[in-house]
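Colleague: Starting from these lines, generate the structure:
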Amino acid sequence: MNGLAASWALTDITDSPAVVASLQFATALPAFLLALVAGALSDIARRKSLVLIGLGGSAVTSGLFTLLSATEAETTTSILTLTVTLGVFTALAAPAWIALIPGLVPKEELPGAMSLSSASVTLAMAGGPAIAGFLIAAASPTAVFVVNVVVFVGGMFALRWWQPEPRTGLPPEHLRSAMRVGVQYLRYDTPLKVTIGKVVPLAFAAMVIPALLPVISRFQLGVGPAGFGVLAASSGLGAILGLLVLPWIRSRIGPDGVVLAAALIQAGAIALLAGVESVPLAFGLLTVVGIGTLAIISTVMTALQVVLPGWVRGRGVAVYLLALQGSLAFGAIAWGFVAQQTEVSTALLLAAAVLAFSALAVTRLRLNQYQDHESDGVSLMDPAAPVTSVHDTDGPILLTATWLIGEGEKEDFLQLMVRVRRALRRQGALDFHLVEDVENPGTIVESFSVATWSEYLRLPSRSTAADSHIYEALQEFVGGEMPPLTVARELKF
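Modeller: Reported below is the predicted structural model:
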């Protein structure tokens, strides 16, 4: 509702496609800039508190929208600035909100839960713009902003009834360390990279519709605010229709087939929209785009939740949002620029071509292989013995193990250690080394370090069932008895 009211107010001030499209850039930019911070906070702070702060800040921002609109003092700068501000509070709460879902349902029900989560957004996409459009037509954008204040405050009261499970165990991670671990996890985790790479180019191309829809509605189709609201709601309606058939389709062609088919259908609908002047036909095409959007986003989000272990889920979601919102932000600017320099129809046709090409290009990134990914936590290390000489913040902490490798086994051992290194780096290790005693060939010392003693204490909780296969392979290689880990603290001098 807020986005539609702000878009309509902006078209009252300017008819520039580039300026109007920049509203979507302003919406997506905060999520791009703040994703890592928000993700780290969602893993180390109370997620309920983060969501409440996001709702409260959004209510205050909507109040400022109301004040400017009621006094007719809004300008291009004020609308964009408040949109960015609203995006900041949304970005702060988003990773915490998304990361809650896997903790509420059993793993086998996660696809359905993600579809229902998408449905709640879908209902907002369908109902919000339509309601906003009729409110603008009957009164003014001010009425929309007033309703938004009420909705955000109501959300804060509703959240009071939800009681999250209390956090136990170690003290929270430090923010900077948590952000580093999140980036490091992305670097060394292939499933997360595949999931993100699957959606980013598609989102960039598909952003042409949200970016240019205000211009298309007002100047190509010649509709008023109510008509704009109905057209904006069409994508949400399409998403609801997609929700009804998506489980049936996914069970037959798999997640990769869903993404490919949805993107190609979207590309065709966007290309046809370039030459449409009929409002009903435009509504139908936008509905098709909405079906594709729901199919792609819910499929990729399900894969994301499956591959992420609980201890880093907020940060993993944040990295995903960073990549997604970055593609949306720059997509909005790019398609607004193309439309400004050429025509809106040219931008739509070019975006459709880019979307179709991208859909084919990302087919090599396979989500199917991760449908049964084992991300549940499994402890593969013995808990650290209690000591009094080390504090939680002391570090770095060096861990070493000495392996005795038989002649002719070194290459197989090194191949196993490649997997060990990736697992430990994914879990937050700062480095990893193997050194061999030159006087005793086959005596190999494995060493790696973590930032602090508390990071060392967290290592046992960061292993997953997928990592257990590495551990079992090592046990088989050495005949069952694993060498003990030696733990040492670096001294400052």
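Colleague: Buried residues in stretch 49-62, which are they?
Modeller: Of all the residues in stretch 49-62, those buried under the rule 16 or more other CB atoms under 10 Å are Leu50, Val51, Leu52, Ile53, Gly54, Leu55, Gly56, Gly57, Ser58, Ala59, Thr61, Ser62. For glycine as for every other residue, the C-beta is placed from the backbone atoms N, C-alpha and C.
Colleague: Check stretch 407-419 too.
Modeller: Phe413, Met417.
Colleague: now stretch 349-368
Modeller: By neighbour count on 16+ other CB under 10 Å, the buried set for stretch 349-368 is Leu349, Leu350, Ala351, Ala352, Val354, Leu355, Ala356, Ser358, Ala359, Val362, Leu365, Leu367.
Colleague: Which of the three states applies to Ala401?
Modeller: Ala401 falls in the strand class when you classify it by DSSP: H, G, I helix; E, B strand; the rest coil.
Colleague: what's the burial count for it?
Modeller: Neighbour count for Ala401, taken as other CB atoms under 10 Å: 14.
Colleague: returning to what we had before: nearest to Met114, of the buried residues of stretch 49-62?
Modeller: Nearest to Met114, judged by CB to CB, of the buried residues of stretch 49-62 is Val51 at 18.1 Å.
Colleague: Give the other helices and strands that the helix or strand containing the closest one contacts.
Modeller: Following DSSP states H and E, one finds Val51 within helix 47-70. Packing partners of helix 47-70 (3 or more CB pairs under 8 Å, 6 or more residues apart in numbering; DSSP states H and E): helix 2-13, helix 17-44, helix 76-100, helix 141-159.
Colleague: Check which helices and strands the following helix or strand past the last one sits against.
Modeller: In other words, helix 141-159. Using DSSP H and E, the next helix or strand after helix 141-159 towards the C-terminus is helix 175-188. In terms of contacts (3+ CB pairs under 8 Å, 6+ apart), helix 175-188 is packed against helix 17-44, helix 190-206, helix 313-341, helix 410-426.
Colleague: Give me the angle between helix 175-188 and helix 190-206.
Modeller: For helix 175-188 against helix 190-206, the angle by axes from the mean of the first three to the mean of the last three CA atoms, to 10 degrees is 90 degrees.
Colleague: Using neighbour counts, pick out the buried residues of helix 175-188.
Modeller: Going by 16+ other CB under 10 Å, helix 175-188 has these buried residues: Ser177, Ala178, Met179, Arg180, Val181, Gly182, Gln184, Tyr185, Leu186, Tyr188.
Colleague: And the residues you listed, which is closest to Ala21?
Modeller: Within these, the smallest distance to Ala21 is 29.1 Å, found for Leu186 (CB to CB).
Colleague: what's the burial count for the closest residue to the closest one other than its chain neighbours?
Modeller: Distances taken as CB to CB, 6 or more residues apart in numbering put Val319 closest to Leu186, at 5.0 Å, once the chain neighbours are dropped. Per other CB under 10 Å, the neighbour tally for Val319 reads 26.
Colleague: Check Val319 and give its pLDDT.
Modeller: Val319 is assigned a pLDDT of 84 by the prediction.
Colleague: again, but for Gly182
Modeller: pLDDT at Gly182 comes out at 83.
Colleague: From Gly408, how far out is it?
Modeller: 41 Å (CB to CB, to the nearest Å).
Colleague: these two touch, right, Leu29 and Val84?
Modeller: Yes: here Leu29 lies in contact with Val84, judged by CB atoms under 8 Å, at a distance of 6.4 Å.
Colleague: higher neighbour count, these two?
Modeller: Counted by other CB under 10 Å, Leu29 and Val84 do not tie: Leu29 has more neighbours, with 24 against 18.
Colleague: show me what contacts the residue nearest to Leu186?
Modeller: The contact partners of Val319, by CB atoms under 8 Å, 6 or more residues apart in numbering, come to Ala35, Leu36, Gly39, Gly182, Val183, Tyr185, Leu186, Leu192, Ile196.
Colleague: try Asn440
Modeller: With CB under 8 Å, 6+ apart, Asn440 has no contacts at all.
Colleague: Ok, Arg462 next?
Modeller: With contact set as CB under 8 Å, 6+ apart, Arg462 has these partners: Pro309, Trp311, Val312, Gly377, Gln427, Gly428.
Colleague: Secondary structure, pLDDT and distance to Arg489 added to the buried residues of stretch 349-368, as a markdown table?
Modeller: Listed next are these as a markdown table, based on DSSP: H, G, I helix; E, B strand; the rest coil; pLDDT from 0 to 100; distance: CB to CB, whole Å:
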| residue | secondary structure | pLDDT | distance to Arg489 |
| --- | --- | --- | --- |
| Leu349 | helix | 95 | 63 |
| Leu350 | helix | 96 | 58 |
| Ala351 | helix | 95 | 56 |
| Ala352 | helix | 95 | 59 |
| Val354 | helix | 96 | 53 |
| Leu355 | helix | 95 | 54 |
| Ala356 | helix | 96 | 57 |
| Ser358 | helix | 94 | 49 |
| Ala359 | helix | 94 | 52 |
| Val362 | helix | 92 | 46 |
| Leu365 | coil | 90 | 42 |
| Leu367 | coil | 87 | 43 |
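Colleague: Let me know the closest of those to Glu439.
Modeller: Looking across the buried residues of stretch 349-368 and measuring by CB to CB, the closest to Glu439 is Leu365, at 47.5 Å.
Colleague: what's the closest of the buried residues of helix 175-188 to Glu108?
Modeller: Using CB to CB, the buried residues of helix 175-188 come closest to Glu108 at Tyr185, 24.8 Å.
Colleague: tell me what the longest helix along the chain is packed against?
Modeller: The longest helix of the chain (DSSP state H) is helix 225-273. Applying 3+ CB pairs under 8 Å, 6+ apart, one finds that helix 225-273 contacts helix 2-13, helix 110-138, helix 190-206, helix 208-215, helix 279-307, helix 344-361.
Colleague: can you do 10 Å?
Modeller: When contacts are defined as 3 or more CB pairs under 10 Å, 6 or more residues apart in numbering; DSSP states H and E, helix 225-273 packs onto helix 2-13, helix 110-138, helix 141-159, helix 190-206, helix 208-215, helix 279-307, helix 344-361.
Colleague: circling back to that earlier point, I'd like the helices and strands packed on helix 175-188 laid out as a markdown table, including distance to Ile101.
Modeller: A markdown table is the format used below for these (distance: least, CB to CB, whole Å):
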| stretch | distance to Ile101 |
| --- | --- |
| helix 17-44 | 12 |
| helix 190-206 | 16 |
| helix 313-341 | 9 |
| helix 410-426 | 22 |
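Colleague: Lowest average confidence across these, which one?
Modeller: helix 17-44 (a mean of 80).
Colleague: ok and that helix relative to helix 190-206, angle-wise?
Modeller: Per the same axes, to 10 degrees, the angle that helix 17-44 makes with helix 190-206 is 160 degrees.
Colleague: what's the spacing between the lowest-mean-pLDDT helix or strand in the chain and its chain's center?
Modeller: When the helices and strands of the chain are compared on mean pLDDT, DSSP states H and E, helix 110-138 comes out lowest with a mean of 74. Helix 110-138 has its C-alpha centroid displaced from the chain centroid by 19 Å (CA atoms, centre = their mean, to the nearest Å).
Colleague: just curious, which of the contacts of Val319 is nearest to Gly127?
Modeller: When those are compared for distance to Gly127 (CB to CB), Ala35 wins out at 27.4 Å.
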